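Student: Structure, please.
(2 chains)
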Number of protein chains: 2
Amino acid sequence: MHDIKSFKQYYAVIFTSERTEGDNGYEEMAKEIDQLVSKQPGFLGAESVRDENGFGITVSYWESLECIKKWKENVRHKAAQDKGKKEWYKRFTIRICKVESERVFRT
Amino acid sequence: MHDIKSFKQYYAVIFTSERTEGDNGYEEMAKEIDQLVSKQPGFLGAESVRDENGFGITVSYWESLECIKKWKENVRHKAAQDKGKKEWYKRFTIRICKVESERVFRT
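Tutor: As a prediction, this is how the structure comes out:
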C-alpha cells in the first residue's frame, strides 16, 4: 500500500482495536471480509498489524467518504461489525481521515 | 489513545514501515525519541504495533500541521530519521492526515 498519491485526494480509515481472548469465529469472518472489501468500489488497499497482546492497527485507504460510507453499510460487513462488538473486541476506535500528504522512502 | 475528539480538530501521522534485520541501535534511539516526542508541543499521543516479520504501523496524533512540522525539524528526531533511512528501515511511508471523525467503542 504505497504510492497512492497518484490519486489527487484520498482517505484513510484508522481502526485501532484490542481483541478479546480466543478466535470465536473471527478468522473465518476476517477472510470473508478481506475478500469482500477488495471488491468494494473506491477501496485502494489496506495494511494491518496485530501484536501478541491482541492490540492491532488496521488502516484502509479509500477514494472518497461516500465509498467509506457504502462499505460501512454493506450487509455482511454490518454482520461483522455486530460480532465485533459482541465477541471479538474489548474496545476499538475508528478514525476517518483525509490524507493531506504522502511521502515514500525505499532503499 | 482514545477520546481525543474533545479537540475540535486534530491530525494523524500514519507511519508504516518495514525494518531491516537486527537492532543496530534502534531500541536505544526509539526510547529517546519516545521521551522527546511526549514533551513536544501539540503531541496528543501515539499508538504503535509491529509484527514478527518486521512490518509496523505507528500512528501519532497532533493538534496542528504546524506542530507536526516542528517535530519533523527537531534535531534529535532528524538524527533518528537519518539513521532510519540508512540502517533501520527497508522502506517506510508517512501520511499526514486530517481526522474528520472519530468513533469509540468499549465493552
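Student: Quick one: name the residues of chain A near chain B.
Tutor: Within chain A, the positions lying close to chain B (Cβ under 8 Å from any Cβ of the partner chain) are A:1-2, A:11-12, A:14, A:16, A:47-51, A:55-57, A:59, A:65, A:85, A:89-107. Quick note: C-beta positions are derived from backbone N, CA and C, even for glycine.
Student: Quickly note the distance from residue A:28 to chain B.
Tutor: In this view, residue A:28 and chain B are 21 Å apart by Cβ to the nearest Cβ, to the nearest Å.
Student: What's the local residue count around that residue?
Tutor: Neighbours of residue A:28 under the rule other Cβ atoms under 10 Å in any protein chain shown: 10.
Student: Then it would be within a helix, right?
Tutor: Yes - counting by DSSP: H, G, I helix; E, B strand; the rest coil, residue A:28 falls inside a helix.
Student: circling back to that earlier point, just the buried members of the residues of chain A next to chain B?
Tutor: Taking 16 or more other Cβ atoms under 10 Å in any protein chain shown as the criterion, what is buried in the residues of chain A next to chain B is A:11-12, A:14, A:16, A:47-49, A:55-57, A:59, A:89, A:92-97, A:99, A:102.
Student: just checking, which of those belong to helices?
Tutor: Taking DSSP state H, every one of those sits outside helices.
Student: Just the ones of the residues you listed in strands?
Tutor: The strands, defined by DSSP state E, take in A:11-12, A:14, A:16, A:47-49, A:55-57, A:59, A:89, A:92-97, A:99, A:102 from those.
Student: Any idea which residue of chain A lies closest to chain B?
Tutor: residue A:97 (3.6 Å; Cβ to the nearest Cβ).
Student: can you pull up the bridge partners for that residue?
Tutor: Note on residue A:97: beta-bridge partners by DSSP bridges are residue A:12, residue B:99.
Student: how close does it get to residue B:18?
Tutor: 22 Å (Cβ to Cβ, to the nearest Å).
Student: Pull the contacting residues for the residue of chain A closest to chain B.
Tutor: A:11, A:12, A:13, A:14, B:12, B:97, B:98, B:99, B:100 (Cβ atoms under 8 Å, 6 or more residues apart in numbering or on different chains).
Student: And those, which two are furthest apart?
Tutor: A:13 and B:98 (13.3 Å; Cβ to Cβ).
Student: How about residue A:14, nearest residue that isn't a chain neighbour?
Tutor: residue A:95 (4.4 Å; Cβ to Cβ, 6 or more residues apart in numbering or on different chains).
Student: So that neighbour sits against residue B:98, correct?
Tutor: No - using Cβ atoms under 8 Å, residue A:95 makes no contact with residue B:98, being 10.3 Å away.
Student: From residue B:57, how far off is the residue of chain A closest to chain B?
Tutor: With Cβ to Cβ as the criterion, residue A:97 and residue B:57 are 14 Å apart.
Student: List of residues touching stretch A:42-60?
Tutor: With Cβ under 8 Å, 6+ apart, stretch A:42-60 has contacts from A:1, A:4, A:7, A:10, A:12-21, A:37, A:61-64, A:66-68, A:70-71, A:90, B:14, B:16, B:47-51, B:55-57, B:59.
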